[in-house]
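K.L.:
Okay, predicted coordinates and the sequence, questions at the end:
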Amino acid sequence: MSLHADLASLQSTLDQALERLGEAVDTVRGTELDDVVGDLYEIERHLRAAARRLGRTLGDLG
């Protein structure tokens with residue numbers, strides 16, 4: 001498998017992780033676990049930054 005294909009697959013995985021993370025936030029918001037929402041948003045922020053950087057890298061690879 002090529003580097004581009006591997007990285008594109010990773011980007012897809014990041015997109016799926018972000019979707020699942022959003023679902024997790026919706027699940028815990030307003031419950032006794034509401035105190036972890038801030039942590040989940042912080043994780044989301046880092047994953048989105050990684051996804052953007054990976055997208056730029058894929059663009060550079062052509």
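P.N.:
Yes, it's here.
K.L.:
Need the contact partners of stretch 24-33.
P.N.:
If you take C-beta atoms under 8 Å, 6 or more residues apart in numbering as the criterion, stretch 24-33 is touched by 34, 36-37, 40-41, 44. C-beta here means a position set from N, CA and C on the backbone, and glycine is covered the same way.
K.L.:
Redo those residues as JSON lines? Include neighbour count.
P.N.:
Shown next, in JSON lines, are those (neighbours: other C-beta atoms under 10 Å):
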{"residue": "Asp34", "neighbour count": "10"}
{"residue": "Val36", "neighbour count": "14"}
{"residue": "Val37", "neighbour count": "16"}
{"residue": "Leu40", "neighbour count": "17"}
{"residue": "Tyr41", "neighbour count": "12"}
{"residue": "Glu44", "neighbour count": "16"}
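K.L.:
Which one of these is nearest to Ala50?
P.N.:
Glu44 (10.7 Å; C-beta to C-beta).
K.L.:
Which residue ranges of this protein form strands?
P.N.:
Ranges of strands in the chain, per DSSP state E: none exist.
K.L.:
Quick one: the helices in it, in order.
P.N.:
For the chain, the helices defined by DSSP state H cover 3-28, 37-61.
K.L.:
how about a markdown table for those helices, with mean pLDDT added?
P.N.:
Below are the helices of the chain laid out as a markdown table (pLDDT from 0 to 100):
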| stretch | mean pLDDT |
| --- | --- |
| helix 3-28 | 96 |
| helix 37-61 | 96 |
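K.L.:
Tell me the buried residues in stretch 18-38?
P.N.:
18, 21, 24-25, 37 (16 or more other C-beta atoms under 10 Å).
K.L.:
cool, and stretch 8-20?
P.N.:
Buried-residue list, stretch 8-20, by 16+ other C-beta under 10 Å: 8, 11, 14, 18.
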